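[1] using only what follows, build the 3D model:
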Amino acid sequence: MTITIRGDFDHLVSHQRLEKLKQCLYVTEEYLGKAKEEFEAKSCEELGLNLYPKDVCDDIYNEEQWYYAVKFPRIVRNSFLVTTLSLLEYEINVICNKLKIMQTIPINLSDLKGDVLDRTKIFYKLAGLDLQDNNLNWQEINKYYLVRNCIAHNNGLISGVKKEKELRVYITRKKIISEDKIDEEIALTASFCKEVIKTIQYFLNDVYEAISIAKNKLKSDNKKQGV
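    This is a model prediction of the structure:
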C-alpha cells in the first residue's frame, strides 16, 4: 500500500529519510544473502578447513554457516531497529520544535518528564493536536520500544528483561523470538524491519495531518479575531 504524503515540506523530507533507511535495509539484506550463498558454495579446501579432522571440520563449518545464516543478520536487524527508532525520535523533535513556534508553547519537549513517547504525548496535547494515543500505530511503536530496550539493555536476551511478560507475548505473536529455549533472544526478521518503517511512516503521516488541521484552525481563529 502506497503511503500518501498529506503534510508539508518537512513531512516530505521526513518521508524521504525513512525511504532511504528502508533502501539501506534492502541493500544490506541482499548482501547478507549473497555472503551466505558464497560461503556455502566454497569447499572445505577453499575455506582452509581440510587441515582439520573431519569431525572438527564439520563443527567449524556449521558454526561459520550459523554466523552467516543467523548471527550476522540478527546483529544487523537489531542495529536497524535501534537506528530506526533513533530516527523517529529525531523526527519527533523536528515536529515539536515546529509546534513550539506555531502554537507559541513556552516549554521544550526536553523539559517534560518520562520516556520519549510519554513526553511526546504531552507535548502534542499542549499543541492542541487531535491525536489518539491509543491508535494502532502508537500502540505498535510502544511495542517496538520494548524490543529495542531488550536489545539495548540486555543484548537481546529475553530472560530477566524489564517487562519480560509483555515483551514475550508480543515477540511470540510477531514470531521474532529465537527457537533456542535456553538462551531465548530477539530474532528480528527482514519483514518485521520493513513493517517498522511502514508503521512509523503512517504514524508521522497522522501527526502531520493533525498539524495541518491545527494550522488551519489557528488561521481561522486569527482571522475571526482580526489578527
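[2] what does the pLDDT read for the residue nearest to residue 103 when sequence neighbours are not counted?
    Distances taken as Cβ to Cβ, 6 or more residues apart in numbering put residue 127 closest to residue 103, at 4.8 Å, once the chain neighbours are dropped. The C-beta positions use only the backbone N, C-alpha and C, and glycine is treated the same way. Note on residue 127: pLDDT of 89.
[3] equivalent analysis for residue 107, please.
    pLDDT, residue 107: 94.
[4] same question, residue 3
    Looking at residue 3, its pLDDT reads 53.
[5] residue 130 too?
    So residue 130 comes in at 76 (pLDDT).
[6] ok, now which ones touch it?
    Residues near residue 130 by Cβ atoms under 8 Å, 6 or more residues apart in numbering: 210, 213-214.
[7] from these, which would you call buried?
    210, 214 (16 or more other Cβ atoms under 10 Å).
[8] how about the contacts of residue 130 in a markdown table, adding distance to residue 136, secondary structure and pLDDT?
    Output for those, formatted as a markdown table (distance: Cβ to Cβ, whole Å; DSSP: H, G, I helix; E, B strand; the rest coil; pLDDT from 0 to 100):
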| residue | distance to residue 136 | secondary structure | pLDDT |
| --- | --- | --- | --- |
| 210 | 16 | helix | 86 |
| 213 | 20 | helix | 83 |
| 214 | 22 | helix | 80 |
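[9] quick check, nearest of the contacts of residue 130 to residue 167?
    Of all those, residue 210 has the smallest distance to residue 167: 29.6 Å, by Cβ to Cβ.
[10] shouldn't the closest one be in contact with residue 131?
    Yes - the pair residue 210 / residue 131 is scored as a contact, 5.2 Å apart, by Cβ atoms under 8 Å.
[11] residues contacting residue 117?
    Residue 117 neighbours (Cβ under 8 Å, 6+ apart): 138, 141-142, 145.
[12] roughly how far apart are residue 106 and residue 126?
    Residue 106 sits 9 Å away from residue 126, going by Cβ to Cβ, to the nearest Å.
[13] looking at those two, which is more packed in?
    Applying other Cβ atoms under 10 Å to residue 106 and residue 126 shows that residue 126 carries more neighbours, namely 17 against 8.
[14] coming back round to it: so of the contacts of residue 117, which ones are in helices?
    Mapping the contacts of residue 117 onto helices (DSSP state H) picks out 138, 141-142, 145.
[15] without its sequence neighbours, what residue ends up closest to residue 110?
    Closest residue to residue 110 apart from its sequence neighbours, by Cβ to Cβ, 6+ apart: residue 119 at 7.9 Å.
[16] and that neighbour, what pLDDT?
    Predicted confidence (pLDDT) for residue 119: 91.
[17] please identify the helix or strand for it.
    helix 116-126 (DSSP states H and E).
[18] tell me where the protein has strands.
    Ranges of strands in the chain, per DSSP state E: none exist.
[19] low-confidence stretches in the chain?
    In the predicted model, the chain carries pLDDT under 70 at residues 1-9, 132-134, 218-227.
[20] in it, which spans are helices?
    Remark: helices assigned in the chain by DSSP H are 9-41, 44-47, 54-66, 72-102, 116-126, 136-154, 164-173, 190-224.
[21] buried set for the second one?
    Pointing back at helix 44-47 there. Under the neighbour-count criterion of 16+ other Cβ under 10 Å, helix 44-47 has nothing buried.
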